[in-house]
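Peer 1: The sequence isn't on hand, but the structure is:
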């Protein structure tokens with residue numbers, strides 16, 4: 001069973017408000033489209049097949065009706081909070097979502113799905129996929145959800161090229177290096193993710209930029225960087241304000257070397 005990093009979901013009350021700030025720093029971003037049956041809509045920025053989805057609620061009455069789609073229940077609950085905006089969920093691409101659902105149930109995870117999803121692009125084309133959500137009893141864990149696209153990776157890459165959304169960044173040739181996830185207990189979190197994906201994470205190391213103990217999980221498309229604070233700093237602040245959650249986008253080949261905050265999230269350009 002294959003696993004790849006697919007995308008980072010970033011909650012915003014108005015996803016279109018990500019367009020200008022990102023374009024101003026050289027990150028090309030486009031209007032994505034609408035999820036009519038979920039009551040949500042998005043804007044997108046691509047780095048190959050890996051991307052960031054800025055997701056917002058278009059119709060709260062529709063969004064509130066969903067129970068099995070745990071991403072929608074999450075955004076309905078999270079967005080009204082004072083620090084509700086920002087990086088929120090990791091999506092991992094798989095090639096056999098039905099088999100994965102069976103496997104996770106057998107291993108004691110609570111599973112929702114697979115459920116169908118679709119988005120109507122601004123040009124009217126419908127994009128389709130399946131989603132699988134998993135949870136555990138200690139629900140403070142920020143677990144990923146899984147996605148299997150209707151089309152192959154090669155087909156999707158070709159379509160993105162034809163749409164002109166790839167290779168338009170003016171900030172060098174940026175790509176995903178890693179996505180940082182703030183966690184309370186590094187060892188406990190690592191154990192859960194290793195069971196979830198049947199993969200081993202790296203040895204522990206110290207990241208001085210964010211003042212945290214970290215371990216990484218290498219996936220095609222981007223690494224996942226799990227971080228527990230050593231003291232005051234970005235990770236400690238995120239845990240106090242938002243709990244366990246993705247919080248950091250690390251891009252390489254940007255011709256820069258800086259750490260900054262934008263859109264209620266942290267960024268590293270290198």
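Peer 2: Thanks, I have it. These numbers come from a predicted model, not from an experiment.

Peer 1: What are the contacting residues of the helix or strand harbouring residue 53?
Peer 2: Secondary structure from DSSP states H and E places residue 53 in strand 50-57. For strand 50-57, contacts defined as Cβ atoms under 8 Å, 6 or more residues apart in numbering pick out 5-15, 18, 29, 32, 39-45, 63, 71, 75-76, 79, 88, 91, 175-176, 221-222, 249, 263. Placement of C-beta: from N, CA and C, glycine included.

Peer 1: can you tell me which of those residues are in strands?
Peer 2: Using DSSP state E, the subset of the contacts of strand 50-57 located in strands is 5-11, 32, 40-45, 88, 91, 175-176, 222, 249.

Peer 1: show me the contacts for the closest residue to residue 186 other than its chain neighbours.
Peer 2: Closest residue to residue 186 apart from its sequence neighbours, by Cβ to Cβ, 6 or more residues apart in numbering: residue 228 at 4.0 Å. Counting by Cβ under 8 Å, 6+ apart, residue 228 touches 182, 183, 184, 185, 186, 212, 213, 214, 235.

Peer 1: Drop anything exposed from those.
Peer 2: 182, 183, 186, 212, 213, 214, 235 (16 or more other Cβ atoms under 10 Å).

Peer 1: Take those residues and write them to a markdown table, including distance to residue 145.
Peer 2: Shown next, in a markdown table, are the buried ones among the contacts of residue 228 (distance: Cβ to Cβ, whole Å):
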| residue | distance to residue 145 |
| --- | --- |
| 182 | 18 |
| 183 | 17 |
| 186 | 22 |
| 212 | 24 |
| 213 | 26 |
| 214 | 23 |
| 235 | 23 |
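
Peer 1: which one of those residues sits closest to residue 121?
Peer 2: Using Cβ to Cβ, residue 182 is the member of these that lies nearest residue 121, at 32.7 Å.
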